[in-house]
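S.K.: got a sequence here, can you build the structure:
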Amino acid sequence: MARGKLRIYLGAAPGVGKTYAMLSEAHRRVERGTDCVVAFVEHHDRPRTEVMLHGLEQVPRRELQHRGSVFTEMDVDAVLERAPAVALVDELAHTNVPGSRNDKRWQDVAELLAAGIDVVSTVNIQHLESLGDVVESITGVRQRETVPDEVVRRADQIELVDMSPQALRRRMAHGNIYKSDKVDAALSNYFRPGNLTALRELALLWVADRVDEYLTEYRSEHRVSKIWGSRERIVVGLTGGPEGRTLIRRAARLAEKGAGGEVMAVYIARSDGLTSASPKELAVQRTLVEDLGGTFHHVVGDDIPASLLDFARGVNATQIVLGSSRRKTWQYVFGPGVGATVARESGPDLDVHIVTHEEVAKGRGLPVARGARLGRSRIIWGWLVGVLGPVVLALLLNTVDLGLANDMLLFLTVTVAAALLGGLYPALASAAFGTLLLNYYYTPPLHRLTIADPKNIVAIAIFVGVAVSVASVVDLAARRTHQAARLRAESEILSFLAGSVLRGETSLEALLERVRETFSMESVALLERESDVDPWTCAGSVGPEPSTRPEDADVDMPVGDHMALALSGRVLPASDRRVLAAFAAQAAVVLDRQRLQHEAAQAKELAEGNRIRTALLAAVSHDLRTPLAGIKAAVSSLRSEDVEWSEEDRAELLEGIEDGADRLDHLVGNLLDMSRLQTGTVTPLIREIDLDEVVPMALGGVPEDSVELEIPESLPMVAVDAGLLERAVANLVENAVKYSPADERVLVSASAIADRVEVRVVDRGPGVPDEAKDRIFAPFQRYGDAPRGAGVGLGLAVARGFAEAMTGTLNAEDTPGGGLTMVLTVRAVDRRPDLATTPSGAERQVPC
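M.R.: Model prediction:
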């Protein structure tokens, strides 16, 4: 069965006309004879939308009960059974009522699509998952109902329903969106002109990006290589030189002149990895282009002009910005340069801008990558073989006559050996010295530096050419081998750095220790300062006597304007500074991450403290004042001389005073206990006790017949603080009795499991969903619709705090058949004696 197609009407805000447009589309399809039904459409009491439902077949909704109310949702099974060609499903981001087939409506839509039913739906831009934070920063409202962006992106067609903010506000003022009693609040809050304008821009940009994706996909499928100037896109070619910043700023100014202009900076590295670009400069330029709203790209290619043009055409660019060449005049002998080549090959659909800068014609100015050194001992052996080898070989050949051809091959072998050991220059010396010896000793006329036979001249010339060529190839291969080994080591180090970023490692000391080990340094320090005139301070260091200033270090690597990595121990070769720059950048990132985590932790502590103080003030303002008001009223009544109270009335007033005092005592006790837990001043006095000595005492605060107690006599003793355990159990029992039905008794039972004892407090109340089971243990939390007079929400928090203070645990579980079970686990005492073996083999008891 072919998958159905999804069409989405996207709007910037409620009321722009998404549902109306969807229903209009449905009427057009019905007129064309399409089997179209309304699976779920919510008209929100808007007359014009409701009228549009007339004449359309509507699938009956499914009714669901939740918390005593009846709700209606789309009946997916009924729609699948009806099997229309097109189904209308409103509000794609809607969250279904618990008990529905799926949690989200977009999941219902996915089932319809999988069944081959085309779906037409609606969604607002603020409901896209990726834009949640942006929408909240604009409107101040966090959207709880969201739909994954990928669901909307996979739609076969997205149609934007657009309306200006002024027109939408007029529609709101006329009562066409909300009822009249909500219009003023909506216009002054969510529907402010600034909010609507920002949301409209989000919707337009999001749809424009999707259109750009569709265009790119179309060009790829149809292999369109010609540039279509549908959007101004500027590519900046970077070399890693200092002129890159000028080019990026110039490109940004060009992009600002066109609507929707985009800047894309690209650096093309050679495939052999032997790039001469400065990593630090590239990092600065990457930050600059991203700050200006562009993107940075790293491309590998040996032919730089061709790679640059391929990239530009691949992203459908309209302009390329390059810098004037830094070559000197004589260097143009080797070719016209990248800029001239790109301009010549760009074609009529791609404009090329050559921008002048301060580095023009000053030379490349960047160090050219050189091969690794072969080592001092190898070079010495190479020169010995290159100079003495031909002499020794000539002495040996004077004793035998092998012919000129064999003599040349033997001298060529010595040249190759010199190249393998010492590189190019010893090999060239060997070739030159060998040529003289061949001419003097083995080419007629002998013992003269002249050649009689022209054929021998050709042979000597070929020998020199072959010797030089072989020496060059061997030398290049040896250097490339060393370069590959070095690049492999660098790649392993950089891979470690990349892995540490992905793993989120935040230890600055560990990173600095890695730097010290990698570069064999004595000490490494990360230094920073506020400004150019402030003294340096050490943000982190490893090793003895780290440098306190970059000037005092053997190696310093700047990180930005006011940070540097200082290494002491030895002078670092220039070839190692590229990897060191990566380490320095990572050290700065780790330092920033540590500080951000510290600030986030402090902010969290402040927020938690503010929340607790706010809740405490709320508790004092209501939950404490209520019993105080009752006590004061009763005392004032008893002291009044205007009324003659009977004994029954007097007893009732005194009972009210006593109840209010008990409530105050309970509330103040919980507040004091939570304060002790928050400040860490709870010090439990652990001793061995029986549960049946403590648990019954915890039931004094509840009615006599409200609790059923099951404590087996065979239970082991537990190691707890009797007072803390009694308070914890009392809070659990009081909470259970509060939420249990009047005709259901709370069960308090205990059982031993391995080395632990579990105390279970079981009620038959409404229960708590899984997502709220941990939240009910937070301070000042009352679950559900508990009345304000039911307490300040500290009982369970205090109980868990006391349990953890005794190295125990307190968790909530569902009661089979409905309700909530609190499981308090404490440590059991093993009373079995330990046995040890005496030297004679007899067992003896060892006191604990």
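
S.K.: assign the closest residue to T139 other than its chain neighbours to helix, strand or coil.
M.R.: Distances taken as CB to CB, 6 or more residues apart in numbering place N195 nearest to T139, at 5.2 Å, with adjacent residues excluded. C-beta here means a position set from N, CA and C on the backbone, and glycine is covered the same way. Under DSSP: H, G, I helix; E, B strand; the rest coil, the three-state class of N195 is helix.

S.K.: what is the burial count for N195?
M.R.: 20 (other CB atoms under 10 Å).

S.K.: hang on, isn't it packed against V141?
M.R.: No. Judged on CB atoms under 8 Å, N195 makes no contact with V141 at a distance of 9.3 Å.

S.K.: rewinding a little: and the pLDDT for the residue nearest to T139?
M.R.: Per-residue pLDDT puts N195 at 87.

S.K.: equivalent analysis for H44, please.
M.R.: pLDDT recorded at H44 is 81.

S.K.: just checking, it is part of a helix?
M.R.: No. Counting by three-state DSSP, H44 is not found in a helix; it is coil.

S.K.: and I8, what element?
M.R.: Element membership for I8 (DSSP states H and E) is strand 6-11.

S.K.: helices and strands around that strand, which ones?
M.R.: helix 18-31, strand 118-124, strand 157-161, helix 193-221 (3 or more CB pairs under 8 Å, 6 or more residues apart in numbering; DSSP states H and E).

S.K.: go again with 6 Å.
M.R.: Strand 6-11 sits against helix 18-31, strand 118-124, strand 157-161, with contacts defined as 3 or more CB pairs under 6 Å, 6 or more residues apart in numbering; DSSP states H and E.

S.K.: with mean neighbour count, distance to K257 and mean pLDDT added, can I get the ones you listed in JSON lines?
M.R.: Listed next are those as JSON lines, based on neighbours: other CB atoms under 10 Å; distance: least, CB to CB, whole Å; pLDDT from 0 to 100:
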{"stretch": "helix 18-31", "mean neighbour count": "18", "distance to K257": "35", "mean pLDDT": "92"}
{"stretch": "strand 118-124", "mean neighbour count": "25", "distance to K257": "33", "mean pLDDT": "94"}
{"stretch": "strand 157-161", "mean neighbour count": "17", "distance to K257": "26", "mean pLDDT": "91"}
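
S.K.: so can I have TSV of the ones you listed showing distance to G347?
M.R.: As requested, these are arranged in TSV below (distance: least, CB to CB, whole Å):
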stretch	distance to G347
helix 18-31	42
strand 118-124	42
strand 157-161	33
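
S.K.: out of these, the one nearest L715 is which?
M.R.: Nearest of the helices and strands packed on strand 6-11 to L715, taken as CB to CB: strand 118-124 at 58.6 Å.

S.K.: tell me the angle that closest one makes with strand 6-11.
M.R.: Interaxial angle of strand 118-124 relative to strand 6-11 (axes from the mean of the first three to the mean of the last three CA atoms, to 10 degrees): 20 degrees.

S.K.: could you export strand 118-124 as PDB, CA atoms only?
M.R.: Taking Å, rounded to 0.1, in the frame of the first residue of the first chain, the C-alpha atoms of strand 118-124 are listed here in PDB:
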ATOM      1  CA  ASP A 118      -3.800  11.500   2.600                       C
ATOM      2  CA  VAL A 119      -3.900  13.900   5.500                       C
ATOM      3  CA  VAL A 120      -4.400  17.700   5.600                       C
ATOM      4  CA  SER A 121      -3.400  19.300   8.900                       C
ATOM      5  CA  THR A 122      -2.500  22.600  10.600                       C
ATOM      6  CA  VAL A 123       0.200  23.800  13.000                       C
ATOM      7  CA  ASN A 124       1.600  27.100  14.300                       C
END
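
S.K.: show me how far that strand is from its chain's centre.
M.R.: Strand 118-124 has its C-alpha centroid displaced from the chain centroid by 30 Å (CA atoms, centre = their mean, to the nearest Å).

S.K.: over to stretch 572-587?
M.R.: Remark: stretch 572-587 is offset 26 Å from the chain centroid, using CA atoms, centre = their mean.

S.K.: same check, this time on stretch 703-712
M.R.: Stretch 703-712 sits 52 Å away from the centroid of its parent chain (CA atoms, centre = their mean).

S.K.: gap between the closest residue to L572 other than its chain neighbours and A525?
M.R.: Once flanking residues are discounted, L572 sits nearest to V555: 4.4 Å by CB to CB, 6+ apart. Between V555 and A525 the distance, using CB to CB, to the nearest Å, works out to 11 Å.

S.K.: these two: who's more crowded?
M.R.: A525 (26 against 21).

S.K.: CA atoms only: put stretch 293-301 into CSV for me.
M.R.: In CSV, the C-alpha atoms belonging to stretch 293-301 read as follows (Å, rounded to 0.1, in the frame of the first residue of the first chain):
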residue,chain,number,x,y,z
GLY,A,293,25.7,35.3,10.7
GLY,A,294,27.6,33.2,8.1
THR,A,295,28.9,29.6,8.1
PHE,A,296,32.4,28.2,7.9
HIS,A,297,33.3,25.2,5.7
HIS,A,298,36.4,23.0,5.4
VAL,A,299,36.9,21.4,2.0
VAL,A,300,39.7,19.0,0.9
GLY,A,301,41.0,19.3,-2.7
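
S.K.: what lies in contact with it?
M.R.: 263-269, 271, 286, 289, 307, 311 (CB atoms under 6 Å, 6 or more residues apart in numbering).

S.K.: take the residues you listed and keep only those in strands.
M.R.: The strands, defined by DSSP state E, take in 263-269 from the contacts of stretch 293-301.

S.K.: out of the residues you listed, the closest to E771 would be?
M.R.: M264 (43.9 Å).

S.K.: enumerate every residue touching the closest one.
M.R.: 235, 295.

S.K.: helices of the stretch 251-400 of the chain, residue ranges please.
M.R.: 279-291, 304-314, 338-345, 376-397 (DSSP state H, counting those that start in this stretch).

S.K.: and what of the stretch 451-600 of the chain?
M.R.: In the stretch 451-600 of the chain, the helices defined using DSSP H, counting those that start in this stretch lie at 454-503, 508-518, 577-618.
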